[in-house]
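Engineer: what shape does this take:
(one chain, ligands or ions: 1)
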Amino acid sequence: MANPHTADTPHWEAAFEHYYRDDVLRAFADIEQFGIGDGGELLRWYRVMEAEAITRRRSKVISVTDWLTLEYVPCETIGLEQILASRALEECERAAALFGWSHDEATRLTILAEETDAPWATNPFGYCVAKDPYEKICLPNYLVDDPEEFGQAVAHEYAHVITSNLGEGLAPRWLEEAVSVLVERRFDSDCWRRFCTGERAWLTPSRLEAVLIDRSDDDGTKDSIWAAYQQAGWIGRYLVECFGDQKLSLVLGELANESRSTNLSRLIRGKDRTEDALMRVLKSTPAEVFDRARQWLTTISEEAV
Ligand SMILES: [Zn+2]
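Structural biologist: Numbering: from 1, shown residues only. Here you go, the predicted structure:
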C-alpha cells in the first residue's frame, strides 16, 4: 500500500512518521483526537492506523525465523499460532524459491485483531506496507479459521514484498499483481470463461493499471475489480509458462536497472521503464504481452484453470 503523503497538518505528518517506523500506538495517538478533517483520503489511513494500534495493544510477537516475525492476539488465534507460523513460512519459502529471493528484508506478519475495521473493502485479503524496521504484512483475522485462504493471502502479500524489492518499487501495478495472483494461485474458472468468450473485457495495459490503482468500480460491479486481479494473474501465468520464472525476475531487475547505458537507451528510444524492461528481456511491448496472454488463455483447458 503506497504512502499518499497528503498529510498537510502537523499531527498527520507526525502520525505518518510514527506509522512508518511501526510505532503504531503513537501514530494513532497523534490523530485519534483530530480525526480526518476534510480529507476523505485520510479516512482509509485512519482506519489502518487504528486497526494496527488496537492489535498492538493486545498482541504478542514471536520470531519464526531470523527474518520473519509473527504478531497476533493470543486469545484470538486459539492456540493455532505455531500452525499459522509454519504455514506462513512454507508460503514465503515457496514464493522466494520462484524468484530466487533470499529473504533479504525483515518481514513482520500481523494478524489484525478481530474487532478491527481495516479497509477490507479495498484490500479484502490483506495489505503490505514497506516500513522502516521491516516489511509489514497485515491480514484480517477471519483468515485464521481457513488455513487454505490464510496461506494464499500470505503468498500474495509476500510476493509483493519480493516484487517491490526486486523492482525497487518501480514495477507497474499490473506486473506486481501479476506476480502476486500467480503466487497466490487463486484462479477463477468462471472469470476465465468470460475472458475467453469476450463477455468480460480484456483490458489494455493502461486501463488495467488504472483499475488496479483506483480500485474503483469500473462498470458498477465489484466484479470488475476482481476481474482486473484475475487478468493480472493470467498475465503472470502466461509469462511464467511461456518464458519461465527466471525471466520474470529478470524483468523486475531490469525495471530497477539504473546503469548509465540503460538510462541513456531509455531516453534515446523514448521508452518508459516498463516497456524498456519488457523489450530487453522478452522482446515484447506491454501491449504484445497482453494480447498474447489473452490468446494463450483460450488454448488452455478448463481443468488446467
Ligand atoms: Zn496485491
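Engineer: ok, which stretches of the stretch 151-300 of the chain are helices?
Structural biologist: Secondary structure of the stretch 151-300 of the chain by DSSP state H, counting those that start in this stretch: the helices cover 173-184, 189-197, 205-214, 223-243, 245-255, 260-269, 273-282, 286-297.
Engineer: dump the residue contacts of the most centrally placed residue in the chain.
Structural biologist: Compute the mean C-alpha point of the chain, and by Cα atoms, centre = their mean the closest residue is residue 160, 4.3 Å away. Residue 160 makes contacts with 128, 176, 180, as judged by Cβ atoms under 8 Å, 6 or more residues apart in numbering. Quick note: C-beta positions are derived from backbone N, CA and C, even for glycine.
Engineer: cool, and residue 287?
Structural biologist: Residue 287 neighbours (Cβ under 8 Å, 6+ apart): 204, 205.
Engineer: so how far is residue 208 from it?
Structural biologist: 11 Å (Cβ to Cβ, to the nearest Å).
Engineer: now do residue 90
Structural biologist: Where residue 208 is concerned, residue 90 sits at a distance of 30 Å (Cβ to Cβ).
Engineer: before we move on, what about residue 194?
Structural biologist: The value you get for residue 194 to residue 208, if Cβ to Cβ is used, is 15 Å.
Engineer: okay, strands next: where are they in the stretch 1-150 of the chain?
Structural biologist: Taking DSSP state E, counting those that start in this stretch as the test, the strands found in the stretch 1-150 of the chain are 60-63, 68-72, 107-111, 127-130, 135-139.
Engineer: any idea how far the third one is from the chain center?
Structural biologist: Put plainly, it is strand 107-111. 14 Å (Cα atoms, centre = their mean, to the nearest Å).
Engineer: with the second one instead?
Structural biologist: Its chain's C-alpha centre lies 18 Å from the corresponding centre of strand 68-72 when counted by Cα atoms, centre = their mean.
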